[in-house]
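Novice: A predicted structure for the sequence below; I have some questions about it.
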Amino acid sequence: MKDKTDILIIGGGVTGCFAARELSRYDLDITLVEKEPSLCTGTTKANTALIHAGFNADPDKLKGRLNMRGNQLYHERIQHELDVPIEWLGALVVAKEEEKLPKLEELLEKGQENGVPDLEIVKGDDIYDLEPHLADDAIAALHAPTAGIVNPFELTVALANNAAMNGADVYLEAGVEDIEDKGETKLVKTAKGDIEADIVINAAGLYADKIANMVGIDKFEITPRRGEYYLYDKQADIDVQTTVFPVPTKITKGIVVTPTDEGNVLIGPNAEVIESVENKSTTREGLDEVLNGAQKTIPELSKRNVIREFAGLRPAITETGDFLIEASDEVPGFINVAGIQSPGLASAPAIAEKVVGIVEEEIGGLKEDPDFDPNYEGPPKFRHMSHEEQAKLVEEDENYGQIICRCESVTKGEILEAIREPVGARTVNDIKRRVRPGSGRCQGGFCEPKVVNILSEELGIPENEVVLESEESKLLRERTKEPLLNEEEVSDNE
Ligand SMILES: O=C(CO)COP(=O)(O)O
């Protein structure tokens, strides 16, 4: 690890990676540290993957202003610059009872105050034109055409790679153990070594309060709010066109039914305050609540064709219910970017913009780097190509002729590319999040051993050193019997 940097960002989720990418536009030395062996393992990993339109939060909250601005930046810039799936499906907030209608009006007004364009309340057949399979007792719905869906994993990886292409250094498995405030600089002690930084940006998600405590800041506490989800098989034939919400309560936006960028249907989350930031387990009660909630808007949903259940944690600051994004008064040079719960993903580009503004104030002016390139292209997606394009790719590189994951048609070429990117994949789950082997109906039953094998060969490590997610999740212990055929015999047999 290098020993000095201008800006050190703690946390490899979407917030930290967006900040790294936006700061890499300037003539600054940027470093990002992440405690896990891959990006995107906390809140960014397990959420509803939505670019909310921006009508939920009050205009006087950071959430209200930054959601709207973030949505605008995704439309204007991000979708054109980064090779990331974003679809503008629109959202519907569905009211089924007369007494919920004033709440829809309130959301409409709030959205308009926040500057959300093209919001309208639709009634009768107009609702069903937008969402034909909606429960037949809907009486009105707020329609927000600027709402969208995004792949949060591909987005975060694209941001980190783009930042790295523009000179940022990203260190994985570099968990922060302590921070010494030396006045002008901070000495940050990580599992990969010490690094001295002029400015530290705390984007540590669920751990942001612990990181702040290291420099003596105890003004906020992160309370994890768990949300559980069901994900359906692509072949499930559930017809959902938009992102469907119930009318929100004071506590939550409610259980959503939404398509994902790859054509699955996702339902969730419930909202439960829990004790531990490590507790990502699902519960019978929670999942039942999710299914019951989702059936209220899309009745055809059942447990049939569910391929995955999971839980994610929102890093909430419950006293304010808002984001906390500020340079600390107590510790100059320390910037907290905390409490980034929903709509954090939607707000992330605007949060990064705000962070750049804070850094500019702290440093007293920023100079643009004339060589900054905002564009990034990820590995090709074999499954989305025409036969002609596929044939051409295979001709260029035979690794694209080897299908590793049959459910999702993922080739060896794509997996190798994910490992070879500037911030390359190192774990089985990282490969899954980036290029999808194991994301389909069999959930890795067939392809996981092959991914282990590719990682082992490409990284030059034994197979039993390959991990699913972290050091605690090694997949193989030791060889229990010799292979029946040696390599030469295998190739003779082929
Ligand atoms: O964004 C979310 C669902 O889409 C989560 O919202 P809440 O945190 O308000 O429950």
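Specialist: Cool, got the structure. This structure is a prediction, so every number in the text was calculated from the model and none was measured.
Novice: ranges for the helices of the stretch 101-250 of the chain?
Specialist: 101-114, 125-130, 152-165, 208-214 (DSSP state H, counting those that start in this stretch).
Novice: between these, which one is nearest to Q79?
Specialist: With respect to Q79, and counting by Cβ to Cβ, the nearest of the helices of the stretch 101-250 of the chain is helix 152-165 at 10.2 Å. C-beta coordinates here come from the backbone N, C-alpha and C atoms, glycine included.
Novice: who touches the closest one?
Specialist: 12-14, 17-18, 20-21, 23-24, 30, 32, 39-40, 44-45, 47, 49, 78, 81-85, 170, 345, 373-376, 378, 421-423, 433-434 (Cβ atoms under 8 Å, 6 or more residues apart in numbering).
Novice: Would you check that N453 makes contact with P462?
Specialist: No - using Cβ atoms under 8 Å, N453 is not in contact with P462; the gap is 11.1 Å.
Novice: can you give me the end-to-end distance of stretch 419-439?
Specialist: 18 Å (Cα to Cα, to the nearest Å).
Novice: so what's the closest residue to the ligand within the stretch 351-494 of the chain up against?
Specialist: Closest to the ligand within the stretch 351-494 of the chain is I351: 15.3 Å, counting by Cβ to the nearest ligand atom. Going by Cβ under 8 Å, 6+ apart, I351 touches T15, F18, A19, L66, G70, F323, I325, V337, I340, G344.
Novice: any chance of the helices of the stretch 101-250 of the chain in CSV, with mean neighbour count, mean pLDDT and distance to the ligand too?
Specialist: Shown next, in CSV, are these (neighbours: other Cβ atoms under 10 Å; pLDDT from 0 to 100; distance: least, Cβ to the nearest ligand atom, whole Å):
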stretch, mean neighbour count, mean pLDDT, distance to the ligand
helix 101-114, 17, 96, 13
helix 125-130, 14, 96, 18
helix 152-165, 26, 98, 12
helix 208-214, 20, 98, 17
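Novice: Any idea which of these gets closest to S409?
Specialist: helix 152-165 (16.6 Å).
Novice: CA atoms of that closest one as PDB?
Specialist: What follows is helix 152-165, C-alpha atoms only, in PDB (Å, rounded to 0.1, in the frame of the first residue of the first chain):
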ATOM      1  CA  PRO A 152     -26.300  -1.900  -8.300                       C
ATOM      2  CA  PHE A 153     -23.400  -4.400  -8.600                       C
ATOM      3  CA  GLU A 154     -22.500  -3.400 -12.100                       C
ATOM      4  CA  LEU A 155     -22.900   0.200 -11.300                       C
ATOM      5  CA  THR A 156     -20.500   0.000  -8.300                       C
ATOM      6  CA  VAL A 157     -17.900  -2.000 -10.200                       C
ATOM      7  CA  ALA A 158     -18.100   0.400 -13.100                       C
ATOM      8  CA  LEU A 159     -17.600   3.400 -10.800                       C
ATOM      9  CA  ALA A 160     -14.600   1.800  -9.100                       C
ATOM     10  CA  ASN A 161     -13.000   0.700 -12.400                       C
ATOM     11  CA  ASN A 162     -13.600   4.100 -13.900                       C
ATOM     12  CA  ALA A 163     -12.000   5.800 -10.900                       C
ATOM     13  CA  ALA A 164      -9.100   3.400 -11.100                       C
ATOM     14  CA  MET A 165      -8.700   4.100 -14.900                       C
END
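Novice: begin at 56 from here
Specialist: OK, 56 is where the count begins now, so the last one is helix 207-220.
Novice: Centre of the chain to it, how far?
Specialist: Chain-centre distance of helix 207-220: 11 Å, with Cα atoms, centre = their mean, to the nearest Å.
Novice: Then stretch 482-493?
Specialist: For stretch 482-493 - counting by Cα atoms, centre = their mean - the centre lies 14 Å from the chain centre.
Novice: Likewise for stretch 101-115?
Specialist: That offset, for stretch 101-115, works out to 14 Å (Cα atoms, centre = their mean).
Novice: quick revisit: most neighbours of all the contacts of I406, which one?
Specialist: With neighbours defined as other Cβ atoms under 10 Å, the most crowded of the contacts of I406 is T70; it has 34 neighbours.
Novice: Kindly indicate whether that residue is helix, strand or coil.
Specialist: For T70, the secondary-structure state derived from DSSP: H, G, I helix; E, B strand; the rest coil is helix.
Novice: still on that earlier bit, got the buried residues for the helix or strand where the residue of the stretch 406-549 of the chain closest to the ligand lies?
Specialist: Assigned by DSSP states H and E, I406 belongs to helix 399-418. Buried residues in helix 399-418, counting neighbours by 16 or more other Cβ atoms under 10 Å, are found at 399-411, 413-414, 418.
Novice: hang on, the earlier thing: filter the contacts of helix 207-220 down to the ones near the ligand?
Specialist: Counting by Cβ under 6 Å from any ligand atom, nothing from the contacts of helix 207-220 sits close to the ligand.
Novice: Show me the strands in the stretch 156-305 of the chain, by range?
Specialist: With DSSP state E, counting those that start in this stretch, the ranges of strands along the stretch 156-305 of the chain come out as 175-178, 195-199, 203-205, 224-226, 231-236, 241-245, 248-257, 278-287, 298-301.
Novice: what's the distance between L163 and E154?
Specialist: 17 Å (Cβ to Cβ, to the nearest Å).
Novice: what's the strand or helix carrying F73 in contact with?
Specialist: Following DSSP H and E, one finds F73 within helix 69-78. Residues from elsewhere that reach helix 69-78, judged by Cβ under 8 Å, 6+ apart: 62, 64-65, 85, 87, 89, 94-95, 99, 207, 210-211, 214-215, 217-218, 221, 223, 225, 256, 258-260, 392, 395, 399-400, 403-404, 406-408, 410-411, 414.
Novice: Note down every partner strand of the helix or strand following it and its orientation.
Specialist: Downstream of helix 69-78, the next assigned helix or strand under DSSP H and E is strand 85-88. The strands that strand 85-88 pairs with in its sheet are strand 59-65 (parallel), strand 224-226 (parallel) (by DSSP bridges).
Novice: Please list the residues outside strand 85-88 that contact it.
Specialist: For strand 85-88, the surrounding residues in contact (Cβ under 8 Å, 6+ apart) are 57, 60-67, 71-72, 75, 78-79, 215, 218, 222-226, 229-231, 243, 245, 247, 250, 252.
Novice: chain center to it: distance?
Specialist: That offset, for strand 85-88, works out to 18 Å (Cα atoms, centre = their mean).
Novice: Given the helix or strand just after it, what are its sheet partners and their directions?
Specialist: Downstream of strand 85-88, the first helix or strand assigned by DSSP H and E is strand 105-106. Partners of strand 105-106 in the sheet, by DSSP bridges, are strand 203-205 (antiparallel).
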